[in-house]
Structure formats: structure tokens, C-alpha cells
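**Q** I would like the atomic coordinates for the input below:
(chains A and B)
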Amino acid sequence: MTPQLALQLTLVVPLAGALLIALFGRWPNLREAATLATAAALFYLVLQVFGALGADSDPSALYVELFSLLPGLSIALHAEPLSMLFALVASGLWIVTSVYAIGYMRANHEKRQTQFYICFAVAIFGAMGVAFAANLLTLFLFYEILTLSTYPLVAHKGDANAKKGARIYLGILLATSIGLFMPAMLWTYLVAGTLDFRPGGILEGTIGGTAATVLLLLYLFGIGKAAVMPLHHWLPAAMVAPTPVSALLHAVAVVKAGVFTIAKVVIYIFGLDFLVDVPSEIIAVYIAGFTIVAASILALRQTNIKRMLAYSTVSQLSYIVMAVMVLTPFAEMGAIFHIVAHAVAKITLFFAAGAIYVASKKTEIDQLDGIGYRMPITMGAFAIAALSMIGVPPTGGFVSKWYMIAGAFQLDSYFVLAVLSLSTALNAAYFLPIIFRAFFRRESVAPAKNHGEAPVPMVAAICVTAALTLLVFFFNAPLVDFERAVVGGF
Amino acid sequence: MVMDNLIVLLVIVPLLTAPVCMLLPARITWLLTTLVSWVVFGLAVLMVMQVQEVGTLSYHLGGWEPPWGIEYRVDELSALVALIVAAIAAVVMLYARRSVNSEVDERNRTGFYAAYMLALAGLLGITVTGDVFNVFVFLEISSLSSYILISQHRDRRALLAAFQYLVMGTIGATFLLIGIGLLYAMTGTLNMSDLAVRLNGVEETRTVYTGFAFIVVGAGIKLAMFPLHWWLPNAYAYAPSVVGAFLAATATKVAVYVLLRFVFTVFGVEFSFRSDFFHYAVVILAATAIIVASVMAILQTNAKRLLAYSSVAQIGYMLLGIAMLSTLGLTATNLHLFNHALMKGALFLALGCVALRIGVTDIVGFKGLGKRMPLTMAAFVIGGLSLIGIPGTVGFISKWYLVLAAFELGWWPLIVVILLGSLLAVIYVWKIVEAAYFQESAYPGRCEAPLSMLIPTMVLTLANIWFGLDTRLPVTLANDAAVLLMGGNP
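**A** Predicted coordinates:
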């Protein structure tokens, strides 16, 4: 299989999978087999592209043009290290999530499961397109597909509450992308004459300092999936979705598509060297820093587990945004590392929240007293992932924070250092009490139904992602090497 | 034989079908007209292929040499518009049976289909003829038959709407006739190419200026140029759904074609835009149309009227492209002729499905339709995205060209106007999406439209995506036509 073919198939396979799922809708076992087979096939394809990327020094080998819209404007795919990373994370975790989702959806007797799995596959199609987009236009197209395909997932329950959440979700994401992202893209094209992602950026020398700052802010807020305040409301609102959706899409695919896009724009559209010279670029760092702290404080006040996790995600996403905007090599590496580290940890936390819900129907933090005794594996995994959120070794979160701090020192930015330390304290303040409740307190009232762990597929998925959280710490070298390639090998 | 007489067959076939319809029993007329409209579509495709192959086609009616006889002359622009008209007519005809049965009195149906054929013959006649008086004749044929078509809805308000249109349409056609008469008085010829040559000597006379003014205003009424648009919302809203879709997608396009023909081919760019006043007047009217009509669309409570106002705004985009007086601007206009026909066709057909099932097209009636008519509403959403101009749809392509053309001239304020128009479109499309997807219906249960209507709707919807990705056909035709118009020779 040529790498180009593999690249195109990463888009075809999820769509074909969606079709298969629709065809097998009447036979749940066959339908779930289709989901798993598609997920496995997709991961295999992404690995193929990955292999080709390592082996081939010729960058054009991994470029495919699908449609040529206008001269200089096309729908095209291209694999480079950063996109590889996002594609690997999204497709790899799709397998784990599929296993988990099967357990979750069946144990919960959810309705419209076929529609659920179809939309999931289409969302992955969107995520793959975002990952492998060769230019901003392609990225935008798949970004919108990702928004539209996840809307039915958010509204899955169909009650008034779900509709309200879905409305905020769709409204903010569409409005920001059409109102800010698209004009920014248009502006970029008008001044640069292209939208291709190129190493070193395309904007250098085409736009003045103030205009560049305005453009950067248009991107920062236009890419609403990155949930930078004050445009973060959609993420807590999206928590009305079934937990597998929150886990894969609103901890990994959708939100990471947001920060991934910001990283792409900063590295390949603006270019780090150009952006360093833009005088007011630091505003973006302040905005992200504010989001980190403010979202952590909001998380502290939540009583619902999933909503707390959502605010934690808002905060963690801004870690990535802030680190990207710091513009020093170490900070960039920290940002990219955190895309992976946060993905595996946050998906574990959501998995755990879903497992608790399935086993005990508990959704609030103050109901968790003593639950560690009933669900030791789930809560053990939760603890590991929570430590990663705080940044305690031996978890992935430590490595990314390490690089971010190093990056802040490269810039001598005390603001960034202060934000990092303050938010670490806040993270500890909202995660540690949960672990304490689960393991060091006794149940005050016995639950209505005596329960243990959640169904096997779910527990297995939790173990895998928790293990990944640890492995990212111990085996960070390949990942770090990979990131050097993105930042430009210094 | 067919190839030699292609152009005239395009007009003759539907023209002769109309009286035949009246002779046949009512049951067969739909079948016959559908068959004929598809034959005409086939002829139009052949004609486009021939034009692309050999360039401008000329046909001498009755063997009389021009400029004495009537000449039919088909270049890229005529071919493009004829293709739009024939394609929409054919697709709408498939859809017509169920919709007409529910909206038109039984005893009028035979006449309805006959009038439809006449309207088709008239619109196609305008596009292929190279004779200015012939333009007037065909304009009257199409107008008179469309007054009949509009009045056929069971709802009595259709009568008033048809009457309003009749008054305005007659004024427009009369103005056109007066203008043509003045030109004839000065030059003694009616052939377009001949007129273009002979006007050179007498350009500076008051008679020619007066003729120009009459023709532009006359065409302006027919194409619903702001502020001469007020007949249009009622005509589209109260006409039978089929007629609304057909006229919205074709009639205004053909009127724009008439304007282009006179302004660029007959009078020539230099004469037409010699006066800055006229030039700026068109720019300002176009920009006002985009903003004001979009705001009016937002204020509507009836979905058909909403789309009708949106049409007025979209015509503003076309006029803007014309006023730019550049190849790029005209390409944008020509493209938008094609693309807007696709989007409005799809949207009005979707509304027709709603009208069939719900009975009304008030936005209140859309509550819960997302669940009750999922496919129809999906088509509506895609059409709406195209109207907004999201990448991946045709709307994006023409807007992008328009912005490029504005940028080429340095008209930054107009870029803002274009973007603002898109944002306003987001709001009015959202109004319907909001009702359909986020509000509960009083009547649960699916009521999807019948396949005979759903398939044509889907065909046009998918065409919105297809030509948004594979842009070769429309862009080539639009660009060739623009080059031709700027060259000044028919």
C-alpha cells in the first residue's frame, strides 16, 4: 500500500464504517463488530502513514490533492509530525472508546444506538480530516464536519436539557467559526495568497504588527473548539452527552482538534520566528493564562463530576494554548506533549465517571464517599489520571508541565510561571478531595443496589488508558524526538 | 439533424408541448411534461458540450441571414444560463406531481403544466436568442405564463401576489420594450452584434442614453434589483411550491442574464459605465440589497418569504460582481447565477416537502421537524450552509470569488459587506434550524415527504456539495463567459 493510498483511506474507512454500521443497525452484535473493525482498520492505516513518514525523507510523498477548488486553493491531505500525533491519539483512543462505549451503551439501555455509532464514526472522519489537512481550508471544512456530526451525539438523550446543551454547543461553535475563523482565513489568503501549512509560516512579511495581532486573536477566538474564555460555555454544556462521547470527543477529538488547529496556525501559518517579532502577541498568553486560572476556580465549585471534568478540560486546553503562544521551543514541545498526556488522562477520568454512573447511577461528587472500596480498579485509575492532571510524576502530565516550565524560563516569563504554579495548586484542590472521599471515607448510606465494578469492557478500557497515562511518562523519549521535528530540530 | 438544429429545438420542443398538453387527458400531462423537460435538459447538455468544443454557436431562423433575420446565438454565458434553466426545470418536474396535486385545483392542472412548458420555452428563448426584440417576446411569454403559474395555488393570496407581479412585470417589460424601440429608432437594427457595432456612431445621443436607462430599469424590475424588489417575496411565498422553486432558481437568473447581455454585449462596458454615477449607484444598491434584504429576511415569520428576501440579497451579490467591471467580478456573478440556482432550488424544494406535510411554511410550523422529517430538514440544513457560504458547498465558491474580486480592486468595505451578509444569513438560517431541531412539536411521529419529492430535493442538495468540491464545470463556463463579456463581443 502506498502512503498516499493509506492517507486517503484514513478518510474513506470511517465513512465506510458509518455505512456498515447503518446497514447492520438491526443486529447489534454485528453492528458493534463493524465499529471495532473500522476502528482497528483505521488505526492500522494511521500506523502505515506513520511508518511512511519515518521512512521517507521526501515530504511531498505524503501529499494528496483531492479537489482543486480554485487555483491555489484545494482540498488536500498532508501528513507531517504534528498531524501524525493527533491522528494517532484520536484513532488509537477510538478503539479503546469503542470497547468502552459498547459496555456503556448496553448497560445503560440507551436508545438510538445505531445513530450513536454512525455519528461517532463520522466524527472520527472529521477528526482525521482535521489531522491530515494540508491547508487551512481543508482543516476548516473538516472542523465544521466535526461540529455538525457531534451535535446529534450531544443531543442524544433528546430531552429538554439535552436540547438546551446541544443548542449552546452548536451555536457557539458555528458562530465563532463562521464569524471569526472564516474571516481570519479569508484575510490570511488575501494577504498571503495561499493557505498551505508550510514550515516557517506563510505570513512573514505580508502583514504588519498590529494587524498580525488582530489576526491572531481572530484565530484564537474563532477556533472555538479550543474553549478559550469567554467562549468556553459549549464544553460544560456538551456534558449532557453520553459519557463515551464526553470521553473521546470532548476530552480528545473535538477539543484537541481545537488546540491542534491553534498549534498548526501558530507554527505553520504565522511561523514562530515571525510571531516572536509581533509586539502584542503576548496578549494571547494573558488570555490563555486567565482561562487556566478562572476555569480551575470554576471547576472547584462544581458538584457534578462531569461538569467538573469539563471545566478542568477548559483549563487544561488553555495550558496548551498558552504554551503554544509562549513561542519558545521547550514551550511548544510541552504544548504538543500535553495534547497526548492530557488526552489519555482526561479520557480515563471520563471513563471512570461513566463507570461510576453505570454501576451506581451516581453523578455528584458528594455521593462518592467510600466508592473506592466498591470499585477499586476504576478509582485507582481515576487517581492515576488525577495525578497526571496535577502534574505529579510518574504520569504524563508531569512531563508536559516540565517542558512548559522550561519554556517559560526560556522567555523569563514570570506570568507563565505564576499561572502554572497557581493552577497546579488549584488542580490539586479539586482532584485530591475526590480521591480522599473515595478511599478514606466510609459510605454514609448504603446504595440502593449492591454494586461492584462496571461491566468488563468498560473496566478494561479504563485500565488501558490509565496504563497509557503512566507509559507516556516512562517512555517519553520517542514522543519528544517527534516533537523536535515539529518545532524544527533545535 | 438534431445537432444542427439544437438551439432552436431547445425552444420549439417545450413551446409545442404546451398546446399538446391542453389536448391530452389530465393524467398524462405530467408524464408528458416531465419527459419533455428531460429531453430539453438533454438538449441543453449537448449544447453546452458543443459550445465548449467549438465556441459560439449561431443559428439563422428560417435561413434568413442576420441582421435581417432572427439569429439565435449561443456563447458560454447563454449556455451556462440555459443549462441552469433546463436542469432545474427537469429536476423540479420530477418533484411536481405530488406537490401540484396537493396545491393546485384538479381542473387547473392541465393548464398548469402547459403554462410550465411555456415558461420554460420563454426562459430558454431569452438565453439563446441574439435578437433584442426576440428577448422581449420571450420575456413576455415567460412572464405571462409565470403570472398564471403563481395564481394557481389554492390559497387565495396567490391571486393578489400574481396580480402584483403582473403589474410590476408588465411595467418592467414595457420599459424594456421602450428601450429597445429607442435603440431601433437610432440604429434600424435589432440584432445584438449588429446593434453593438452600429451604436458606436450614435452613442452620444440623448436617445441612446434614454434607451439605456429604460432597459436597465426594466431589467432591474424583472431581476428584483433593490429597491424594485417588492413584488418578489409575495410571488415566491404564495405561489405553488413547485413554481416558487422553479422561478426562484431560474427567473431572476435569466433577468440578470438580460441585464448582462444589454450592458456588456449591446452597449459595451465603456459606454455603460462611462458615468461614475451609474457605476456607484449599482455598487451602493447592491451593497444595500445585501444588508437590508438580509435583515428583512431575519424579520420574516414565513419560511418562504424568508428565502425570498434572501434571494433579493443574493441578487445583490450578483450585481456587486457586475459592478466590479473585472473578469474576476463577472466570474463571481456568473458562478453565483449557477450556484444560487442550486441552493435556492434545493431550499425551496425542501420547503415544498414541508408544505405538503405540514400545510403551512410559517416558521412556527417547523417545530420538531428535525425529528419528524429528518431527510428534508437535512437537505434544508445543507442548502442553508450553502447559502451562508461554508466551504464544501457551492456558496463558498462564489463568495470566495467575489471577495477575491473585491480585494483585487482594493474595495475593503465591500469585503466587510460580503462577510456581514454571510453572518446575517447565519441568523436567518438559524431561525429555521432552531425551530426544527430545538423546539418540540405538538404532533410527534415521522411524516417524511414521499420519495418522488425527496429524491429531486436530494439531487439538488447533493449538487450543492458536488459542485462545491468539483468546481471545474461551473468555473470554466463562468470564467469563459466573463472573458467574453469583458471582451465586448457576443
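**Q** can you tell me the element the nearest residue to residue A:4 once chain neighbours are set aside falls in?
**A** Nearest non-adjacent residue to residue A:4, counting by CB to CB, 6 or more residues apart in numbering or on different chains: residue A:64, 5.0 Å away. C-betas here are computed from N, CA, C, even on glycine. Take DSSP states H and E as the rule and residue A:64 turns out to sit in strand A:63-70.
**Q** which of the residues in that strand are buried?
**A** Of all the residues in strand A:63-70, those buried under the rule 16 or more other CB atoms under 10 Å in any protein chain shown are A:63-64, A:67-69.
**Q** let me have those residues in TSV, extended by pLDDT.
**A** Formatted as TSV, the buried residues of strand A:63-70 follow (pLDDT from 0 to 100):
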residue	pLDDT
A:63	82
A:64	82
A:67	82
A:68	81
A:69	79
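**Q** of all those, which comes closest to residue A:266?
**A** residue A:63 (21.6 Å; CB to CB).
**Q** in the sheet, who's paired with the closest one?
**A** residue A:78 (DSSP bridges).
**Q** list the contacts for it?
**A** Listed by CB atoms under 8 Å, 6 or more residues apart in numbering or on different chains, the contact set of residue A:63 reads A:4, A:76-78, A:134.
**Q** okay, and the residue of the stretch 51-200 of chain B found nearest chain A sits in which element?
**A** Going by CB to the nearest CB, chain A is nearest to residue B:80 of the stretch 51-200 of chain B, at 17.6 Å. Assigned by DSSP H and E, residue B:80 belongs to helix B:76-103.
**Q** the strand holding residue A:64: how far from the chain's middle?
**A** Averaging C-alpha positions (CA atoms, centre = their mean, to the nearest Å) puts strand A:63-70 27 Å from its chain's average.
**Q** while we're on the nearest residue to residue B:384 once chain neighbours are set aside, how confident is the model there?
**A** Excluding its sequence neighbours, the residue lying closest to residue B:384 (CB to CB, 6+ apart) is residue B:429, at 3.7 Å. Predicted confidence (pLDDT) for residue B:429: 90.
**Q** how close does residue B:429 get to residue A:407?
**A** Taking CB to CB, to the nearest Å as the measure, residue B:429 falls 43 Å from residue A:407.
**Q** ok, residue A:470 next?
**A** For residue A:470, the distance to residue A:407 (CB to CB) stands at 24 Å.
**Q** swap in residue A:225?
**A** 23 Å.
**Q** now swap in residue A:369 and tell me
**A** Per CB to CB, residue A:369 is found 40 Å from residue A:407.
**Q** helices and strands around the helix holding residue B:80, which ones?
**A** When contacts are defined as 3 or more CB pairs under 8 Å, 6 or more residues apart in numbering or on different chains; DSSP states H and E, helix B:76-103 packs onto helix B:26-54, helix B:109-128, helix B:241-260, helix B:327-358, helix B:451-469, helix B:472-487.
**Q** quick check: next helix or strand after the third one?
**A** Read in the C-terminal direction, the helix or strand following helix B:241-260 is helix B:269-272, with elements assigned using DSSP H and E.
**Q** which residue ranges of chain A form strands?
**A** Along chain A, the segments classed as strands by DSSP state E run A:63-70, A:73-78.
**Q** what angle do the longest one and helix B:472-487 make?
**A** Regarding strand A:63-70 and helix B:472-487, their directions subtend 40 degrees when assessed with axes from the mean of the first three to the mean of the last three CA atoms, to 10 degrees.
**Q** of residue A:369 and residue A:407, give the one with the bigger neighbour count.
**A** Each of residue A:369 and residue A:407 has its neighbours counted (other CB atoms under 10 Å in any protein chain shown); residue A:407 has more, 24 against 17.
**Q** next one: the closest residue to the more buried one other than its chain neighbours from residue A:404, what distance?
**A** Distances taken as CB to CB, 6+ apart put residue A:331 closest to residue A:407, at 2.5 Å, once the chain neighbours are dropped. For residue A:331, the distance to residue A:404 (CB to CB) stands at 6 Å.
**Q** list residues touching both of the two?
**A** Among the neighbours of residue A:331, those also in contact with residue A:404 (CB under 8 Å, 6+ apart) are A:323, A:416.
**Q** which parts of chain B sit against chain A?
**A** B:388, B:390-392, B:397, B:400-401, B:403-404, B:407, B:415, B:419, B:422-423, B:426, B:430, B:434, B:437-438, B:440, B:469-471, B:475 (CB under 8 Å from any CB of the partner chain).
**Q** and with 7 Å instead?
**A** Proximity of chain B to chain A, by CB under 7 Å from any CB of the partner chain, involves residues B:388, B:390-392, B:397, B:400, B:403, B:407, B:419, B:422-423, B:426, B:438, B:469-471.
**Q** hmm, which of the residues you listed are the buried ones?
**A** Among the residues of chain B next to chain A, those classed as buried by 16+ other CB under 10 Å are B:388, B:390-392, B:397, B:400, B:403, B:407, B:419, B:422, B:426, B:438, B:469, B:471.
**Q** thinking again about what came up before, now do the contacts for the residue nearest to residue A:4.
**A** Residue A:64 sits next to A:4, A:7-8, A:76-77 when contact means CB atoms under 7 Å, 6 or more residues apart in numbering or on different chains.
**Q** redo that, cut-off 10 Å
**A** A:2-8, A:11, A:75-79, A:132, A:134 (CB atoms under 10 Å, 6 or more residues apart in numbering or on different chains).
**Q** repeat that for residue A:360.
**A** Residues in contact with residue A:360 (CB under 10 Å, 6+ apart) are A:367-368, A:371, A:374-375, A:447-452, A:454.
**Q** closest one of these to residue B:212?
**A** residue A:454 (78.8 Å).
**Q** which stretches of the stretch 1-150 of chain A form helices?
**A** Remark: helices assigned in the stretch 1-150 of chain A by DSSP state H, counting those that start in this stretch are A:3-23, A:28-55, A:81-107, A:113-132, A:136-154.
**Q** can you redo those as a markdown table with mean pLDDT and mean neighbour count?
**A** Rendered in a markdown table, the data for those read as follows (pLDDT from 0 to 100; neighbours: other CB atoms under 10 Å in any protein chain shown):
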| stretch | mean pLDDT | mean neighbour count |
| --- | --- | --- |
| helix A:3-23 | 86 | 20 |
| helix A:28-55 | 84 | 18 |
| helix A:81-107 | 85 | 24 |
| helix A:113-132 | 88 | 25 |
| helix A:136-154 | 89 | 24 |
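**Q** what's the closest of those helices to residue A:283?
**A** helix A:136-154 (21.9 Å).
**Q** quick one: the closest one to strand A:73-78, angle?
**A** Here helix A:136-154 points in a direction 70 degrees away from that of strand A:73-78 (the same axes, to 10 degrees).
**Q** the closest residue to chain B within the stretch 201-350 of chain A: what's its closest spatial neighbour, skipping adjacent residues?
**A** Proximity of the stretch 201-350 of chain A to chain B (CB to the nearest CB) peaks at residue A:218, 11.7 Å away. Using CB to CB, 6+ apart and skipping the chain neighbours, the partner closest in space to residue A:218 is residue A:184 (3.8 Å).
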